[in-house]
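# No letters, just coordinates:
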C-alpha cells in the first residue's frame, strides 16, 4: 500500500471514530497508537475538508451528526454497484419525489464517467410533475422522529379503513419493501400496545413530539424481520412448503436466495420442494401467483385453499369449464417462451 493510500485509510478510520463518540486528542492518539500532535493535525485536515466538528466539552471533540455529510469514495466496481442500485430505485419511482431525485443526482456526481451521465439520464425518465408537498412534509416528520428518537403522533388510515386512527408511535425502523417501492415505518403503537407496521403513503398527518422514545433493550431489528417475507413481522412463524416444477422454474428458483430460513429439497423427478418459516404467508401471494402453474402450494392448507379459490375464479373469468384439452401444444410453447424466453 502506498503512503498516500495508507494516509487516506487512516483518515477514514479517524473520521468514523469521531462520528461514533467524542474524544480528546490524547485519548484517540492512545487508541490508535500515534502521537497526540498527529491527531491534532488530522483533525485540522478533516475540518478543512468540510467535516463539521463540535467541542462537547473542553478539549473533547466529535463530529456533529446533524451537519455531517460523508464523502463517498468509490472504486469503479463499487461505483457500478451503486449505479445499479440507484437505477433500480429510479425505475421503481412512479411519482416525483424531490428527496429521492436529489439523492440520485448527488450520487451521480460522485460516480466516474460514463456512469455519471447514464445515471443523470435515468433521473430525467422519472415521472415529471409537482411533488405533493403534504406527502414530502410527512416523510420529513417521520424521518426527524426516527433519527432524533422522538415519539410521533400520526394519523393513519389503513387500506380498508374509512377514517384515520391516531397513534402515538415510538419509531424503531424505517424499512423499504424488498418487492416494490413502498416504504414503511415500524414502531410501538401506544394506541394498540404492540409493534405495528405503517405504510408511509397511508400516513395522513404526522407530528414530532418532545418525548423521547423507549427502545426495548432486547430490540433486535434483524430478529424482528427474520421471519418476515417482506415487512410483515410476527412473533411466530408458519411453515410454507411449495413444489416447483422441473425446468426453467427450478433453475430460476436456485438463482436467488428468497428467504433467510429457506430450505430446498430435490425430488427424483427433477422438481424442487421449497420450504421456509414465514411470519405471514399472505404477503407471499403476489410472488406465488407470479410462478403460475410451475409452483404448487403444499402447505399450509389455508394458503393452498386460497390459491384454489383464485384458480376457480380465473376459470370463471375466462369461461373455462375444466376442459383443458382446448389448449394446444403451440399455445403452451408460446406461453413458456413469453414467461422464460427473456432469460430473466
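Yep, it's here. Because the structure is a prediction, the values reported are computed rather than measured. Numbering: from 1, shown residues only.
# low pLDDT regions in the protein?
Applying pLDDT under 70 to the chain flags residues 1-7, 69-73, 94-96, 125, 127-131, 322-344.
# again, 50 this time
Scanning the chain with the threshold set as pLDDT under 50 gives 1-2, 326-327, 335, 338-339, 342-344.
# all helices for it, in order.
In the chain, the helices defined using DSSP state H lie at 3-20, 25-32, 36-48, 76-92, 98-108, 115-123, 133-148, 221-225, 248-254, 285-290, 301-317, 329-340.
# Same list (these) but as TSV, adding mean neighbour count and distance to residue 162.
Just so you know, the C-beta spots here come from the backbone N, C-alpha and C atoms, and that holds for glycine as well. Conversion of these to TSV gives the following (neighbours: other C-beta atoms under 10 Å; distance: least, C-beta to C-beta, whole Å):
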stretch	mean neighbour count	distance to residue 162
helix 3-20	14	46
helix 25-32	16	58
helix 36-48	15	55
helix 76-92	14	30
helix 98-108	16	30
helix 115-123	16	38
helix 133-148	16	20
helix 221-225	13	30
helix 248-254	16	41
helix 285-290	13	25
helix 301-317	12	26
helix 329-340	11	40
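# nearest to residue 58, of these?
Nearest to residue 58, of all the helices of the chain, is helix 25-32, at 12.1 Å by C-beta to C-beta.
# want to throw the helices of the chain into TSV with distance to residue 214?
Output for those, formatted as TSV (distance: least, C-beta to C-beta, whole Å):
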stretch	distance to residue 214
helix 3-20	23
helix 25-32	31
helix 36-48	35
helix 76-92	33
helix 98-108	28
helix 115-123	40
helix 133-148	13
helix 221-225	16
helix 248-254	42
helix 285-290	35
helix 301-317	36
helix 329-340	49
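# how far away is residue 81 from residue 107?
12 Å (C-beta to C-beta, to the nearest Å).
# And the lengthiest strand in the chain, what does it pack against?
For the chain, the strand with the greatest residue count under DSSP state E is strand 165-176. Secondary-structure packing of strand 165-176 (3 or more C-beta pairs under 8 Å, 6 or more residues apart in numbering; DSSP states H and E): helix 133-148, strand 150-156, strand 183-189, strand 194-199, helix 221-225.
# Now do the fourth one against strand 165-176, angle only.
Right, strand 194-199. Relative orientation of strand 194-199 versus strand 165-176 (axes from the mean of the first three to the mean of the last three C-alpha atoms, to 10 degrees): 70 degrees.
# Neighbouring strands of strand 194-199 in the sheet, and parallel or not?
Strand pairing for strand 194-199, determined by DSSP bridges: strand 183-189 (antiparallel).
# hmm, who's touching the strand it pairs with?
With contact meaning C-beta atoms under 8 Å, 6 or more residues apart in numbering, strand 183-189 is reached by 142, 146, 152, 154, 167-177, 194-200, 203, 213-214, 224, 231, 233.
# 7 Å instead?
Strand 183-189 is contacted from outside by 142, 167, 169-177, 195-200, 231, using C-beta atoms under 7 Å, 6 or more residues apart in numbering.
# What residues are bridge-paired with the most centrally placed residue in the chain?
The residue lying closest to the centre of the chain (C-alpha atoms, centre = their mean) is residue 176, at 3.3 Å. Beta-bridge partners recorded for residue 176 (DSSP bridges): residue 183.
# start the count at 5, not 1, going forward
Sure, I'll start numbering at 5, so the last one becomes residue 180.
# With residue 233 as the reference, measure out to it.
14 Å.
# likewise residue 22?
Residue 22 is 40 Å from residue 233, by C-beta to C-beta.
# again with residue 294
In terms of C-beta to C-beta, residue 294 sits 13 Å off from residue 233.
# ok, now residue 210?
Taken as C-beta to C-beta, the span from residue 210 to residue 233 is 27 Å.
# Could you do residue 244 as well?
Counting by C-beta to C-beta, the gap from residue 244 to residue 233 is 9 Å.
# Spit out the residues that contact these two alike.
By C-beta under 7 Å, 6+ apart, the residues touching both residue 244 and residue 233 are 282, 288.
# how about residue 18, what does it touch?
Residue 18 neighbours (C-beta under 7 Å, 6+ apart): residue 46.
# I meant to write residue 201 there.
By C-beta under 7 Å, 6+ apart, the neighbours of residue 201 are 188, 190, 235-237.
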